[in-house]
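Peer 1: Return a 3D structure for these sequence lines:
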Amino acid sequence: MRIMRCWTLLPFLALVPQTTLASVLAIDYGTDWIKASLMKPGVPFDVLLNKDSKRKIQSAVGWKNGDRLFGGDAAAMASRFPSDVFTALKYLQGAPHDSETVSFYAKISPSEILETTRKTVGVKQSDGTEWSVEELIAMQFAYVKELAEAVAEEKVRDVVVTVPPFYSQNERDAVVDAIEISGLRTLALINDGTAVAVNYAMTRTFTTPEYHIIYDAGASSIVATIVSFTPVDPKSAVAGTHISVAGVGYDRNTGGIEFDSRLRQMLVEKFNAKHKKDIREDRKGMAKLWKEAGRVKAILSANTEANSAVESLAWDIDFRSKVTRADFENACGDLKGKFAQPIYDALHAANLTLDQISSVLLVGGTTRTPMVQTAVKAAVGAEKIALNVNADEAPVLGAAFYGASLSRQFKTKNIKVTDISLHDVEVGYFAAPTSSLSRPRSISTLIFPAGSKVGTKKTLTFKRKEDFALYFDYKHLIAPGYPQRMFESEIVGVSEALGNLTERGAVDPVIKATLMLSDSGFVSVHEAVAYGEIKDDSLTGSTSSEEADTSSENVPPRETETTSSSSASASASTSASSSSAAPTPSANDTETDKKKAVSKEDTIKLKVVTTFPVIPPMSVEQKREARARLRTIDQEETAKTRKDEARNTLESYLYRLRDLLDEENRDTPFKKCSKETERKVITEKLEESFTWLHDRGDVAETSQFLDKRISLEAMEKPIIHRYKEIEAFPQALNNSQMWNWSTRLFLTEARQNLTAELKADLPSKWTKDELDSLEKTLKDHESWLHTWVEKQKTVQSNEDPVIETTEMRARAKVLESALAKLYRRKVPKARKPKATSSAAPEPTAQAEEGGEGEKDAPPVEDTPPATPQGQEGAQEPLKAEHDEL
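Peer 2: Numbers count the residues shown, from 1 in each chain. Okay, the predicted model is just below:
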C-alpha cells in the first residue's frame, strides 16, 4: 500500500526535460537510525534503500581491522570493538565539551571523548586516530550520498536535513558543517515536526482550518508540534494548503536511549549481584549489555516479560536473567510525567485547548513503548490518537517533498510552510558615549522573541560616528552547559561612510543594520548601511526641505541614556520599530517624488565582521582539511577495493583454469582444442601463480594481480580462439554459400530480362558489362571459398585455423554489396518520341496526350528473383535474414 500511495504523488511532480535533470536528497538523521529519500524525475518517490535493501540505516560508523563500516555492519561490531565504533553521535552535534549532554553520552557510550580546539567534542579510536563529530557524521552523509547516486545514476548535490526544532545556532552550524564536509550542499534545514506536517498534507485536502499535534518521541528527545492546516485563499488560481506551526513543546533529555540506559542498569545490577563482580569495569561487557538492553526493550513493547541471555559477557561468564515489563516501568517511573508535558507546553505556546485539536499524530520509534502510549492517551484521550502516518518514514518523505518545492527543477503540489523559532534572541550593544569621561552603557533588545516566524527581517537604526559591535545572545539558557552568546558582529567603516554622505549633502545620516532569521533558523546580520537623505538645492528641493523639517516621523530616535535594563530595552525596541518605518516610502510618497522631485535617499554599504567568541563553527580551512582527509580515506578504500577485486578475480580464474586442466575432464572442448605442450606450459605457470598467491598475495599490488592474470590469459587465448572459430565456422560458411547462390540466381534472371528488353527495345536496369563484372566477383569469391575451405578441412581441432571467419564474412560482404547495388536499381523511364517540324497538329496533340498517359501510368514495381522449383524451403530463411532478397 505504501508504494501505491507514493505513485499517487506523481500528479504533483512535473518531470523536467532530460537536459536539466536534478536530484534532491533528504536525510532524516536520527540518534539511532538514518532514513533517506531521493526526489528525482523518473524515479519512484520512496525511501532510499541501503545495500542490504533495508529502508533505514543505523546511525553508526566504525572500523574493523582498518576497514571502515557503516550502518548495521558497524553496529554489529560495537560489542567486539567498542572503542572503534561510534553511535548516537547526534547527542554531540554542536555540544560544548563541559555540558551535561556530553556527560550523559559518556555514561552510555564506551567511546573515548576528547575536547577539540573549538571547545566541542571529538572522539579517539583505539589506534589513537582522532575525529571530530562533524567528520564522523559527514562520513555517514557521504555514505547516504553514495547510495543516492547509485539510484539516481548521476551526481547528487542538494540535500535537505531534518533537525529538532529546539536546536540552537551552534547545533545547526554543526549540521551544516557536516553536510559541507561530505560534499553536499545545504538546500535547507527543516524541523522534524514540520516535515511530518508536509508529509501529512501531501495526500490530503483541507476545506476548513484544522489543528493537529505531531507527537514525535525519538531516541533522544520528545517534541510536540501543533500545526494548523488551512486552505490557501480560494480566490487564487492554484488550490493548496498552508501549514503553519502554532506552538512547540519539547523535552530534549527524555527518549528511547534513556529507556535503554535504565534497562541496561537493571541488567548491570543483576549481574553484579549474582557474580559479585562489577561489569562496569569491562568496556566490551558494557557494550554487549547495551545491545542486549535494546533487544529486551523491543520484546517488552509487545510482551509482559523477556529473557535476557548473553554468552561470555565478561570474564568468560554467561549471563542469563528475566526482565518483566512491570519492573522496567517501575525503573522509569519518574519519567512518566515527562511524556505528556511537551503536549501541554505546546498548547500553552499556541494558546489553544485540547478541544480545538483534531488529532494527535504519533511519530518516532519510542511511541511504540506501551508506557508512552498510555501517558499520551491519558493526556489527550484515546479518540484523538491517529496512526495514519508512517511513524518512521514520515519526516524524511516530508523533507524530500519540501526540498523539491524549493528546487526549480520540480513543480509540486501547492503547500506553503510557515515555521517558528523557539528561543528568545536578543541583541546588545554599547550606547554611544556622550563625553570622553562617561561610562559605556549596555543596551539590549529582544529582537526575535520565541514564536517569531522564520524568514523575517528586522532593522535597527543607530546614531553613531564610529565603528561599533552588536552582541547576539539567547535570553534564556538553552540547555545546561550550552552558551547563551551566539556571535558578535562588528560594523566597520562607519566614520568614512558618514563623511561621504555629509559631503553629498546628507542631513543627520544614521546607521541601519538589518537582522535576519532565515528559513533554516539561523540568525545573522543581513546587511548594514549608512543612510542619509540628500536634499536638492533647487527651488522645489528647498520647498520639500521645509516640509520635511516639519515632520519628525522619519527621523530615527536617539538612544535614550538609562542604566536600567527595562528602560534600555524599551528604548532599543522603539528605535527598531521607528527605523523599520523610516526608509520605506509609501505609495503617496512615491507619487509626490515624481511630481515635485523633492529629495532622494542615498546609502553606503558597510562591512560586517562576525566573530564567534564561545563555540565557533568550523572555518573554511578546517572544513577543507576535513574534506581532504575524508577524500583520502575514500581513495584508499577505493584502491583497496580494486586490489581485493583483482585478487578475487585472479583466484577464481586460477581455479577455473585448474578445473579445465584436470585429468578427469578428458573430452572437454578445452582439451580437444589444445595441444599437450600448451597444457604443460599452462600447468607450470598455474602452479607458479598459486605459489605466488599463497606467499605474496597479502603484500602484492593491484598491478601484480592483473599481470599474473594477463600472462595466463595470453597462454589460454589461442585455445579459446580455436574453439570459437570451430563454433563460428559453419555459420560463416553458410552465409558465404547463401550469397553465392543468391548472386547466381540473380545473374540468371537478370541476363534473361536483359535479352528480352533488348529485343523489345525497352530500357534495362543493367548493362552487360555490369552483369559481367558481378559474375567475375562471384567467380572470384567461389574460387577463394572453395580453395580455403578444402584447406580448412585438413586442419585438426587443436591447430590454428587457416581461414578466419572474420575474413569469410568480410569477403561475403563485398559480394553482398555488389549484388545490392544492382538489385536496388530502378527501371529507367522510356524515351519520348521526338516531334518533327512537318508533323500535323493533331498527331502532336495525340503525342502530348500519349505523353500524359505515360506520365499517369502506374510505376513499374521491382520483382525479386523467382525461387527455383524445389528450393522454396531453402529460400525462406534467407529472406528473413536479408530483406532485400
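Peer 1: Can you show me the strands along the stretch 551-700 of the chain?
Peer 2: 599-611 (DSSP state E, counting those that start in this stretch).
Peer 1: now do the stretch 1-150 of the chain
Peer 2: Using DSSP E, counting those that start in this stretch, strands in the stretch 1-150 of the chain cover 24-29, 33-39, 57-58, 60-64, 67-70, 85-87, 112-115, 121-124, 130-132.
Peer 1: Residues touching the first one, excluding its own?
Peer 2: Taking contacts as C-beta atoms under 8 Å, 6 or more residues apart in numbering, the residues outside strand 24-29 that touch it are 34-40, 59, 90, 137, 140-141, 144-145, 148, 156, 158-162, 175, 184, 187, 192, 195, 395-397, 399-400, 402-404, 406-407, 409-410. The way it works is simple: take the backbone N, C-alpha and C, and place the C-beta from them, glycine included.
Peer 1: As CSV, the strands of the stretch 1-150 of the chain with mean neighbour count and mean pLDDT would be great.
Peer 2: Formatted as CSV, these follow (neighbours: other C-beta atoms under 10 Å; pLDDT from 0 to 100):
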stretch, mean neighbour count, mean pLDDT
strand 24-29, 28, 94
strand 33-39, 24, 94
strand 57-58, 24, 94
strand 60-64, 22, 93
strand 67-70, 18, 92
strand 85-87, 24, 93
strand 112-115, 14, 92
strand 121-124, 21, 94
strand 130-132, 19, 94
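Peer 1: Save those as a markdown table, and put in distance to residue 473 too.
Peer 2: Shown next, in a markdown table, are the strands of the stretch 1-150 of the chain (distance: least, C-beta to C-beta, whole Å):
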| stretch | distance to residue 473 |
| --- | --- |
| strand 24-29 | 28 |
| strand 33-39 | 33 |
| strand 57-58 | 37 |
| strand 60-64 | 35 |
| strand 67-70 | 39 |
| strand 85-87 | 32 |
| strand 112-115 | 23 |
| strand 121-124 | 23 |
| strand 130-132 | 26 |
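Peer 1: List only buried entries from the contacts of strand 24-29.
Peer 2: 34-40, 59, 90, 137, 140-141, 144-145, 148, 156, 158-162, 175, 184, 187, 192, 195, 395-397, 399-400, 402-404, 407, 409-410 (16 or more other C-beta atoms under 10 Å).
Peer 1: Which ones among the residues you listed map onto helices?
Peer 2: Within these, residues falling in helices by DSSP state H are 137, 140-141, 144-145, 148, 175, 192, 195, 395-397, 399-400, 402-404.
Peer 1: For this protein, give the helix that spans the most residues.
Peer 2: helix 702-759.
Peer 1: which helices and strands sit right next to it?
Peer 2: helix 620-661, helix 669-672, helix 676-696, helix 768-793, helix 805-823 (3 or more C-beta pairs under 8 Å, 6 or more residues apart in numbering; DSSP states H and E).
Peer 1: Mean pLDDT lowest where, among those helices?
Peer 2: Of all those, mean pLDDT reaches its minimum on helix 669-672 (a mean of 86).
Peer 1: Alpha carbons only: can I get it in PDB?
Peer 2: What follows is helix 669-672, C-alpha atoms only, in PDB (Å, rounded to 0.1, in the frame of the first residue of the first chain):
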ATOM      1  CA  PRO A 669      36.400 -28.600 -25.700                       C
ATOM      2  CA  PHE A 670      39.400 -27.200 -23.900                       C
ATOM      3  CA  LYS A 671      41.300 -30.500 -24.200                       C
ATOM      4  CA  LYS A 672      40.200 -31.000 -27.800                       C
END
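Peer 1: Name the residues of it that come out as buried.
Peer 2: Here helix 669-672 shows 670-671 as buried, counting by 16+ other C-beta under 10 Å.
Peer 1: what's that helix in contact with?
Peer 2: 660-661, 665, 679, 719, 723, 797-798.
Peer 1: so which two of these are the farthest from each other?
Peer 2: Across the contacts of helix 669-672, the longest distance by C-beta to C-beta is 17.3 Å; it joins 661 and 797.
Peer 1: got the contacts of helix 669-672 as CSV, with distance to residue 531 and neighbour count columns?
Peer 2: Listed next are those as CSV, based on distance: C-beta to C-beta, whole Å; neighbours: other C-beta atoms under 10 Å:
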residue, distance to residue 531, neighbour count
660, 87, 17
661, 90, 17
665, 92, 11
679, 93, 18
719, 87, 21
723, 87, 16
797, 95, 14
798, 95, 16
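Peer 1: Show me which of these is closest to residue 469.
Peer 2: Using C-beta to C-beta, the contacts of helix 669-672 come closest to residue 469 at residue 660, 80.5 Å.
Peer 1: Looks to me like residue 360 is in a strand.
Peer 2: Yes. Under DSSP: H, G, I helix; E, B strand; the rest coil, residue 360 sits within a strand.
Peer 1: Tell me the pLDDT of the nearest residue to it once chain neighbours are set aside.
Peer 2: Once flanking residues are discounted, residue 360 sits nearest to residue 213: 4.5 Å by C-beta to C-beta, 6 or more residues apart in numbering. Looking at residue 213, its pLDDT reads 95.
Peer 1: For residue 213, what is the enclosing helix or strand?
Peer 2: strand 210-217 (DSSP states H and E).
Peer 1: Tell me who's in contact with residue 104.
Peer 2: So residue 104 contacts 91, 253 (C-beta under 8 Å, 6+ apart).
Peer 1: what about it, distance to residue 31?
Peer 2: Distance of residue 104 to residue 31, computed by C-beta to C-beta, to the nearest Å: 12 Å.
Peer 1: which residues do those two both contact?
Peer 2: In contact with both residue 104 and residue 31: residue 91, using C-beta under 8 Å, 6+ apart.
Peer 1: mind checking the end-to-end distance for stretch 386-400?
Peer 2: 23 Å (C-alpha to C-alpha, to the nearest Å).
Peer 1: So for that stretch, mean pLDDT?
Peer 2: On average, stretch 386-400 scores 92.
Peer 1: what distance separates it from the centre of its chain?
Peer 2: Stretch 386-400 sits 18 Å away from the centroid of its parent chain (C-alpha atoms, centre = their mean, to the nearest Å).
Peer 1: And for stretch 526-537?
Peer 2: On C-alpha atoms, centre = their mean, the centre of stretch 526-537 falls 45 Å from that of its chain.
Peer 1: Please point out which parts of that stretch sit buried.
Peer 2: For stretch 526-537, using 16+ other C-beta under 10 Å, the buried residues are 527-536.
Peer 1: Mind checking which of those land in helices?
Peer 2: Going by DSSP H, the helices hold none of the buried residues of stretch 526-537.
Peer 1: Go through these and flag which are in strands.
Peer 2: Counted as lying in strands by DSSP state E, out of those, are 527-535.
Peer 1: now the strands: where do they sit in the stretch 301-450 of the chain?
Peer 2: Under DSSP E, counting those that start in this stretch, the stretch 301-450 of the chain gives strands at 305-314, 317-324, 359-363, 385-386, 414-418, 425-430, 442-448.
Peer 1: Could you dump these into a markdown table with distance to residue 72 added?
Peer 2: Supplementary listing: these in a markdown table, determined by distance: least, C-beta to C-beta, whole Å:
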| stretch | distance to residue 72 |
| --- | --- |
| strand 305-314 | 19 |
| strand 317-324 | 24 |
| strand 359-363 | 23 |
| strand 385-386 | 31 |
| strand 414-418 | 34 |
| strand 425-430 | 41 |
| strand 442-448 | 42 |
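Peer 1: Highest mean neighbour count out of the ones you listed?
Peer 2: Most buried of those, by mean neighbour count (mean count of other C-beta atoms under 10 Å): strand 359-363, with a mean of 23.
Peer 1: relative to helix 394-406, how tilted is that one?
Peer 2: 100 degrees (axes from the mean of the first three to the mean of the last three C-alpha atoms, to 10 degrees).
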